[in-house]
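# Sequence and predicted structure, then a few things I'm wondering about:
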Amino acid sequence: MATFRSVLRQAFHISGGQRVRIVAQRTALRARSGAFRNEIGVRMHADPTDIRGVLLAMYHGNLDRSAVATWRRLAEELRPTVALDIGANYGEVAFSTRYHQRLRQLHLVEPNPAVLHRLRETVRHSGADYPDIVLHEGAASDESGTARLNFHTHSGVSSLRLPSDRGVSVDCFRLDERITLDPDDSLLFKIDVEGHELAALEGMAGLLRGRQVAGICEVMHADDELLEFLCDHFAVTIIRAGVEHPVDLDGLRDTIAQARATGWAGLSKDVVLRSR
């Protein structure tokens, strides 16, 4: 199964016909002021100058196919009352499904100013189709303050941790100081923040304790400290060829090392986390 990163890589090594298709998609997206419909009919918005935005529109809002499929599956399994997308980008994952009627809040966290302009439009047009949507403009972290958001080749790899010669200062905050959950709430979450996952998790500790949770966490840039945290706090599964496989800490370490050596062939960049 192709990951969205492999799709993006291929965008830079494609046939002439595919290049023409991308140019046509960019032109059409620009003509519609960045608007397009995803697979389930949600009106979304993306930046026509961002290759990730163009490809997202081309693939009808489902570019990171593994993450979208996993999110849909977990949403049906957990039937959460609150959903939280950290590193929402254009809202690809958060708006990929119609949630069970139990859902009362959908939280989106995104620091990239170029993306936020488009994400605000998506939120504005989606209010009738989803419950209370809360957009947190800034970066989830383990403490409040500011940090440099570094820009890279496309919006999906902007990072607080991976350096670049281009960037902007953004606000940082603990999510457990911004979001209040009821004692009986269940939480579905996704974290894709390009190396800042541990800080985001530590900053939402108050949201995770004593409740049923399920989530997706990117591990492409994971160090051993993050892997230990995940295995200490959650039941962890890897996703290989679309199928979940439970792992312990040693198994997770071995899997990540093998994935890095083989280019993540057949393995999702995300792991699935569930409360024990």
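Alright, I've got the coordinates.

# who's in contact with the closest residue to Asp248 other than its chain neighbours?
Spatial nearest neighbour of Asp248, excluding adjacent residues (Cβ to Cβ, 6 or more residues apart in numbering): Cys231 at 6.4 Å. (Each C-beta comes from the backbone N, C-alpha and C, glycine too.) Listed by Cβ atoms under 8 Å, 6 or more residues apart in numbering, the contact set of Cys231 reads Asp248, Leu249, Leu252.

# and those residues as TSV, adding neighbour count and distance to Thr237?
Formatted as TSV, the contacts of Cys231 follow (neighbours: other Cβ atoms under 10 Å; distance: Cβ to Cβ, whole Å):
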residue	neighbour count	distance to Thr237
Asp248	10	11
Leu249	14	13
Leu252	23	10
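
# Please, where are all the helices along the stretch 101-250 of the chain?
113-126, 197-202, 205-208, 224-233, 249-262 (DSSP state H, counting those that start in this stretch).

# In this protein, where is pLDDT below threshold?
The chain contains residues with pLDDT under 70 at 1-15.

# Apply 90 and report the result again.
For the chain, the stretches with pLDDT under 90 are 1-19, 127-129, 131, 152-158, 161-165, 194, 265-266.

# Show me what the biggest helix by length in it is packed up against.
Secondary structure of the chain per DSSP state H: the longest helix is helix 16-31. Other helices and strands packing on helix 16-31, by 3 or more Cβ pairs under 8 Å, 6 or more residues apart in numbering; DSSP states H and E, are helix 51-58.

# mind listing what's buried in the helix or strand following the helix it packs on?
Using DSSP states H and E, the helix or strand that follows helix 51-58 in sequence is helix 65-78. Buried residues in helix 65-78, counting neighbours by 16 or more other Cβ atoms under 10 Å, are found at Arg65, Ser66, Ala67, Val68, Ala69, Thr70, Trp71, Arg72, Leu74, Ala75, Leu78.
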